[in-house]
Structure formats: structure tokens, C-alpha cells
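Visitor: Sequence and predicted structure, then a few things I'm wondering about:
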Amino acid sequence: MTKAKKIILAFAAAALLLTLALFAGCNTGGDNVKTQSPDSTGGDVPATEAVTPAPTSDPAKIFTDTLPKVAPNPDLHVTMAATDEGYDIFAPLDGKWGYRYGPSIMYYPDGSVDAWFATPGTSGEWDWFTYKHSDDGGKTWSKEIVAMRPTPDSMDHYSVCDPGVIYFNGYYYLGYTSTIVATNGGINNNVFVGRSTKPEGPYEKWNGTGWGGDPWPIVYFDESDSQWGAGEVSFVVLDDTLYIYYTWACGEGRFTKVSTAPVSDDWPAHMTYRGFAFTNAGDQDSCDVVYIEDIGKFVAFSTYNRFSANAGIALFESDDGITFTKADVIRTNIAQYCHNMGISKRADGHIQLKDDIFIGYAYSDGRQDNWGKWATRFQHISISSYEGKVTSSDPKGKGVVLKDYFWKAPDKFWPINVGVLPQIVEVHLNEGTYEIPAYWYDTNLGKHRIEDASKVTFDGYDTNVISIEGLTATLKAVGKTEVTIHYEGLSQTFKFYVRENGFVINKEQPDIVSFTPVNDNITVYMKDGGKKHKVQIRGYVVFEDETWGETYNDKTKAHPDYPAMVDAGVEKYLMTFEVADTSICTVSKSGVITPKAVGSTTVKVVMGGNENLSFTVKVTVEENRD
């Protein structure tokens, strides 16, 4: 494997695993992440300071008919109805695997529409984002291109998934889900965000203190690593406040949480956790939230009973944007087996009832052999309100089964992205030169080798480390640099590491050179939102070959699909936990904290009985949090 790798250490005696998800550093904790990345010991590419003039919002993107703010009526409730059969904006080809799910949809005063989709990735990257544009309200659409991909050797290395977009102060902010855990289909997820002045990108990702370089979570999942985690973000702006909604799936259940931040350039550094918006139920998917100006209410839309014949669209409503209650579930004219939806909205996340609104969702015909072969349907809806007791407007509604939705392959595929393989080039200085294997990717994710050097250009790299002529890189000095490749209007950034001669690349069992806490000051609550959300103590390790990762003991039975990539019985990596005052809290073998009483104590963590590989964290237990 390349620089970015994963090691699983199985312990026969203890029946435990130590997961080392080895990518760029993590030193975070809690819902809102404000910490910085570790120092260069971990092999991070040095951040490049880019001076970018502050943009202003494009007047063509902003509606001028904003309604006066109205006080929400607690007795006023919302419902919706599908007003047409809709159409497929995407379908997989001839029975083949593929999807474009979880659309984020934005419309503008001139009738144009932008849409972003979660798309399968390739070559070790699970998901990418593609983008399409319509000039005529969604009647016709541009060819798709890739808007965002994962950053190699970083906290989002495996995927960018579940797009959520907002536009303000001249930037599109694209929120997404990712993880550094490779097993069980993606668990222990975190929330990230990037921004761009153009909807199609390129996007600068939030790095913990600013924009650009390696990404850093804006919401870090700190409960048991065996759970799905945090992700699936949705945004709304109201009164210069940004509302950030995201899924939190843990041992206590599946929830939607909300944080807020001031509308500012560095808003991720100023996020405030506001609590649980609602508890997801009915096998409910993530939500996409809008603010309805006519009635002064926030409304969250999500698929309900997803992937089933009983699937529909659920509406949850809120008067303050913080606490939501269920308003309705609509199934009539909605595709059965639907999942992962979005709703069209204005740049700030608002809608008015007069607007031409449509939803988008992925679906299939429910056949098991069509799992992962999902079409995406756009469908117009009407939204209405009524006063009185909450009442279902579609109590006996039944969705429709859509069959034979596959598309025929086009006569010719077009490029949607460009890149190199591997995404991290790692070579020794004495090799002298390196032939860059460049590829373009088509809309069916087929890759095509670029042989004609005249069609590609490279820039953005450190000329002290390498120089590039055509497709040949000349190695000049030991160092690390980012490189951007350009091809037919498309671009992608990869990493180039030139190592000193004799440096062992991807050593099988490298020694640990650093072992530090992910979070050295942990706060837990007796109950959080009425539940016992238990925080996990995690370590951060750096190895001699500059691979790195989070460490945590985990029960083998929690991850039956883990491959044993390192021989069993390597007990030197097993972590132990010693609590100074067990009347305050206890810590399980997997590092999960159970609060016992309000107060503070410390926990000493030792790796494999080696006192030189140890750290101490402070744990504070507080009263219940709403």
C-alpha cells in the first residue's frame, strides 16, 4: 500500500483489537473541534499560506424579495405533497453498480440551479462529489464533473460523502462526512467542510485554524469507535447566524444535533453546540433543513423507513431552529425504497411557499441484487401549512415502485476528473526521476491513462523539491510538496514525498516514536440529552516511517469484518487505563468512560506496558446536559 495505510493488531489473549488508522494527525475532542494539527513529526505537508482577496456575494445568487421576519405560530404546522411523478437526473448503466445520492440543491433568482451529489469514488477512495448545473430550473442539466475528492494522507483520506451546501459572503461552503477507519463500511465518521468561490470548485478545506491544506473536522465523533459517528451536514443562515445540523449515531441511538456559529470567514472556529434537534426514528435518514420565510419556521426533510416498501418523506418542524418535532410523513407518489434526500432551497437555506420547490432522493426497485444500483429522482412538491393539532395528511399513503430505471451507456464517455495513481507519490531521492502516471476519469468512473504529455500541466509544487517537465518529475531534494495536475479544464491536487536514501517506505511493523492523547482534557456528563453518551479515550501515534493514526482497544466481536493485517499476539500495542479516582468515573478496556459522580480525576494510559509510551488525561464529570 502507499503512505496512507491501516494496521489492525489482534490480541489472542485479550480478544482485543488496536486500530491504527494511519493518516495525518488528529488531536481533537467533542462536538465542535477547534484544535490544531500536530507538529511536523507526523509527516504533515507544511501548510502553504495563500493570500486570497475576500470575495463578495454575487448579486445574481441572492434573492431580493426576502419577506419580513414573522414570529412562528406554535399552532401552525406544515405538510407537503408530491405534485408530479418527477424525473431521474441519474440512473446507473445497464444493471451496473452506481449512484448519485444525497443531493444538495440550490436555486437562484434567474431560475438557474446547482446540485451536488455523493458519487462512487475509485482507486481506494470510496466517495467523491459531482456537480451539475441547470440554466432552466432543472429542465436540462450540464454534464457532471467532480467538485471535490478526498485529500490523500489526511483525515478525509477515504471519502467525501453526504454533501450539504450553503452560500454566503461570496463562498459556497460544502459540508461532508468522512472517516479514517477503513472497515465495516465506514464507521467513526467526522464532519468536515470546504469552501470555494465557484460551485464546481476547487474547494479549500477547513484545516483547524483556516482554509486550505489538510482537512480537519469541524465536528469530531468522540464516542465508541465501533459506531457510525457524525456526518450528513445541512446548513441554514438566519439573522447572521449559521445553523449547522448533523447526524450523531452512537450506542444510544441515531440523533440529529445542531450547532450554531456567527456568519464570518472563520466560522468553524466559533461553533457553539446547541443540543439535540430530534431523535431519528422509523429507520429515518439524515435531514435537510430549510427556513420557510412565510411562517417563520425551520423544517427538516428526510426519508423515512428508508430502503423499504414503506418508505416516504418525513417533515420535522421547529420554531427556534434548535428543537424539532415530527409534523408528517408523506408516501403518496414517492418512490418506494427511497433514501438519502435533499430539498431545493435558496443560497441561504431559505424557501418561500411560492417558490418552485423540488426534492431529490435515491431509490431502487427493492431487489437485493440492485443494492448500490440507485437512481436519483427529482420531484416537485408543494408545501402548505394549517393551524390546529398536528394531523397526518397522508395516513394511508403508499409509494410507487419504479422499475426498469437503468440507463443505456452513452456512445462516448466524457472526462469528469483527472488525477494520478497512487494519490501519494513516495520515492527516494537517488531514483533521480519519476514518470508520473496520470489518468482521466469518465462519468462511469473508468480510468484512462494520459499518454500525451502536451495535454497536461502541473503547478503549485515546491520547485526546491521537484521539477516537472511533461510527465517526468526530476527529484531535487528531500522534502514534501503538493502538486496540482490540470487536464481539459479539470484539476486535482496530489502529494509528492521525496525521501532520503535508505528511508524505509511503508515498513511492515514500524516502531512508535510518539504516543500522545487525542484529547487531554475530557468533559463528560452524567446524562447528555437524556442519554448516557460515553466518550472514548483515544491515543495518537506517530511511527518511524511517518505513518500515524488514532489508537483504541476494541473488542474483536464488534468488528467481525476486520482483516488481521498484522500477526496476532502483538501485545506491545495493547493500551491499559488506570483511573486515579474510580468514584468519579471508570474506564473500560476499550477506553470508554462511564461517569459515576460529578467531579474530576485523571486517567493514565500506557501502551503495551511501556512507561515511555504513556500519557495522562484529565476527566471532568458534570451534571446532566440538555
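Guide: Perfect, thanks for sending it.

Visitor: how about Gly432, what does it touch?
Guide: Thr474, Leu475 (Cβ atoms under 8 Å, 6 or more residues apart in numbering). C-beta here means a position set from N, CA and C on the backbone, and glycine is covered the same way.

Visitor: mind redoing it with 10 Å?
Guide: Ala473, Thr474, Leu475 (Cβ atoms under 10 Å, 6 or more residues apart in numbering).

Visitor: Which one (most neighbours) among the residues you listed?
Guide: Ala473 (24 neighbours; other Cβ atoms under 10 Å).

Visitor: Just checking: what are the partner strands of the helix or strand that contains that residue?
Guide: Using DSSP states H and E, the element containing Ala473 is strand 472-475. Sheet partners assigned to strand 472-475 using DSSP bridges are listed as strand 433-435 (antiparallel), strand 466-469 (antiparallel).

Visitor: any chance of those strands in CSV, plus distance to Thr516?
Guide: Output for the strands paired with strand 472-475, formatted as CSV (distance: least, Cβ to Cβ, whole Å):
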stretch, distance to Thr516
strand 433-435, 34
strand 466-469, 32
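
Visitor: Highest mean neighbour count out of these?
Guide: Of the strands paired with strand 472-475, the one with the most neighbours on average (mean count of other Cβ atoms under 10 Å) is strand 466-469, at a mean of 17.

Visitor: Give the rounded mean pLDDT of the strand holding Ala473.
Guide: Average pLDDT, strand 472-475: 98.

Visitor: Relative to Ala182, which of the strands paired with strand 472-475 is closest?
Guide: Minimum separation from Ala182 across the strands paired with strand 472-475 (Cβ to Cβ) falls at strand 433-435, 26.8 Å.

Visitor: What mean pLDDT does the helix or strand following the closest one get?
Guide: Proceeding N to C from strand 433-435, the next assigned helix or strand is strand 438-442, under DSSP H and E. Strand 438-442 carries an average pLDDT of 97.

Visitor: outside of the strand holding Ala473, which residues touch it?
Guide: Looking at what lies outside strand 472-475 - Cβ under 10 Å, 6+ apart - the contacts are 425, 427-436, 453, 458, 461, 465-468, 483, 496, 498-499.

Visitor: make it 8 Å
Guide: 425, 427, 429, 431-436, 465-468, 496, 498.

Visitor: Summarise which helices and strands the helix or strand just after it is packed against.
Guide: Scanning forward in sequence from strand 472-475 by DSSP H and E, the next helix or strand is strand 479-487. The contact analysis (3 or more Cβ pairs under 8 Å, 6 or more residues apart in numbering; DSSP states H and E) places strand 479-487 against strand 415-420, strand 438-442, strand 456-459, strand 466-469, strand 490-499.

Visitor: could you point out which element follows the longest one?
Guide: Next along the chain after strand 490-499, taking DSSP H and E as the criterion, comes strand 512-517.

Visitor: Just after that following strand, pick out the following helix or strand.
Guide: Following strand 512-517 in sequence order, the next helix or strand is strand 521-525 (DSSP H and E).

Visitor: which other helices and strands contact the helix or strand following that following strand?
Guide: Scanning forward in sequence from strand 521-525 by DSSP H and E, the next helix or strand is strand 539-543. Contacts defined by 3+ Cβ pairs under 8 Å, 6+ apart place strand 539-543 against strand 512-517, strand 548-551, strand 599-607.

Visitor: Tell me which of those strands approaches Ile505 most closely.
Guide: strand 548-551 (14.6 Å).

Visitor: and that closest one, what does it pack onto?
Guide: Other elements packing on strand 548-551 under the criterion 3+ Cβ pairs under 8 Å, 6+ apart are strand 16-22, strand 539-543.

Visitor: and it, which residues are buried?
Guide: Under the neighbour-count criterion of 16 or more other Cβ atoms under 10 Å, strand 548-551 has Trp548, Gly549, Glu550, Thr551 buried.

Visitor: How about stretch 182-195?
Guide: Buried positions in stretch 182-195, judged by neighbour count with 16+ other Cβ under 10 Å: Ala182, Thr183, Gly186, Ile187, Asn188, Asn189, Asn190, Val191, Phe192, Val193, Gly194, Arg195.

Visitor: What of stretch 513-527?
Guide: Ser514, Phe515, Thr516, Pro517, Val518, Asn519, Ile522, Val524, Tyr525.

Visitor: Now the terminal residues of it, how far apart.
Guide: 37 Å (Cα to Cα, to the nearest Å).

Visitor: For it, what is the distance to the chain centroid?
Guide: Distance, stretch centre to chain centre, for stretch 513-527: 23 Å (Cα atoms, centre = their mean, to the nearest Å).

Visitor: which residue sits closest to the most centrally placed residue in the chain, ignoring its sequence neighbours?
Guide: In the chain, the residue lying closest to the centroid (Cα atoms, centre = their mean) is Thr177, at 1.1 Å. The shortest distance from Thr177 to any non-neighbouring residue, by Cβ to Cβ, 6 or more residues apart in numbering, is to Gly231 (2.9 Å).
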